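Chemist: here is my input, please return the structure:
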Amino acid sequence: MEPTCATIVNDSLYCDGNKTKFTFFVKNNSPFVIHQFDLRTAGGFILDKDFIQPTPPIPKGGTGGPYTVTLDSIDENLDQFCVYLSAHNSVYDPEKDLYATECCTDSAATLCLPMPNCDVCETDTCCGFASLIIPNGITPNGDGLNDKLIIPNSDCCAYISLVVYNRWGNVVFESNDYKNDWEGMNQNGDKLAQGTYFILYTLPGGAQQGQYIDIRY
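Modeler: Numbering: from 1, shown residues only. The predicted structure is shown next:
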């Protein structure tokens, strides 16, 4: 069923130094122009800003962004970041006596992503995310072109482990020693549905980075 409010699309949860940042776009499926939206998270996270006023406003059926927030976990044991949106047709600010006349919330469209480890420093300049060339899409249709997820300079690292998640945060594939051989299959060898997936990469020193990948047939 098509969402009827604002949904997060083309998002990425990643490390910027020792800070965890969340960058995303917003698709407006609501019946009104979005002048303000707020991020709502599952308990345990503090965002540097809850309300965002998109400039320009997001038209009906349109997409706005990118937007970026910095987040901190108040519980170091949390391993997932879950978020959804609430959208408003005007700016909501009770202190200025401003209220929206229309709003909507799509809590059913909650997005959950694995938390990257941003406290680990990369000491190997070859085997580091700044040096690795990681594609963001594959087309495993059997034509011999871009069928596999290939990291050309992966031999810089003793190993690279990866975990692939679907949009709901479920693990669909993982490898502790990736060999440039993933063709968009799940752990049972079945072809995954076309779409966008999230991959969490881990290097030997413990550094982690999350990145989205598109599968197109």
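
Chemist: where does Leu145 land in three-state SS?
Modeler: Using DSSP: H, G, I helix; E, B strand; the rest coil, the structure places Leu145 in coil.

Chemist: quick one: it from Ile199, how far?
Modeler: Noted for Leu145: a distance of 20 Å to Ile199, by CB to CB, to the nearest Å. No exception for glycine: its C-beta is placed from N, CA and C like everyone else's.

Chemist: more neighbours: which of the two?
Modeler: Taking other CB atoms under 10 Å, Leu145 and Ile199 do not tie; Ile199 has more neighbours (21 against 8).

Chemist: all strands of this protein, in order?
Modeler: Secondary structure of the chain, counting by DSSP state E: strands at 6-16, 19-28, 36-41, 45-47, 51-52, 63-73, 80-88, 103-105, 111-114, 137-138, 161-165, 171-175, 195-202, 208-215.

Chemist: strands paired with the last one, and their directions?
Modeler: The pairing partners recorded for strand 208-215 under DSSP bridges are strand 137-138 (parallel), strand 195-202 (antiparallel).

Chemist: quick one: contacts for Cys157?
Modeler: 124, 126-127, 132, 203-204 (CB atoms under 8 Å, 6 or more residues apart in numbering).

Chemist: point out where the protein drops to low pLDDT.
Modeler: Where the chain drops to pLDDT under 70, the residues are 1-3, 43-44, 74-77, 92-94, 98-100, 106-109, 120-125.

Chemist: care to break it down by domain?
Modeler: For the chain, automatic domain parsing gives the domain ranges 6-114, 137-215.

Chemist: and Ile58, how far from Cys157?
Modeler: Distance from Ile58 to Cys157, by CB to CB: 41 Å.

Chemist: repeat that for Asp119.
Modeler: 20 Å.

Chemist: stretch 56-75: how far from the chain's middle?
Modeler: In terms of CA atoms, centre = their mean, to the nearest Å, the centre of stretch 56-75 is found 12 Å from the chain centre.

Chemist: over to stretch 165-180?
Modeler: 14 Å.

Chemist: buried ones in it, by neighbour count?
Modeler: Neighbour-count burial for stretch 165-180, counted by 16 or more other CB atoms under 10 Å, picks out 165-167, 169, 172-173, 178.
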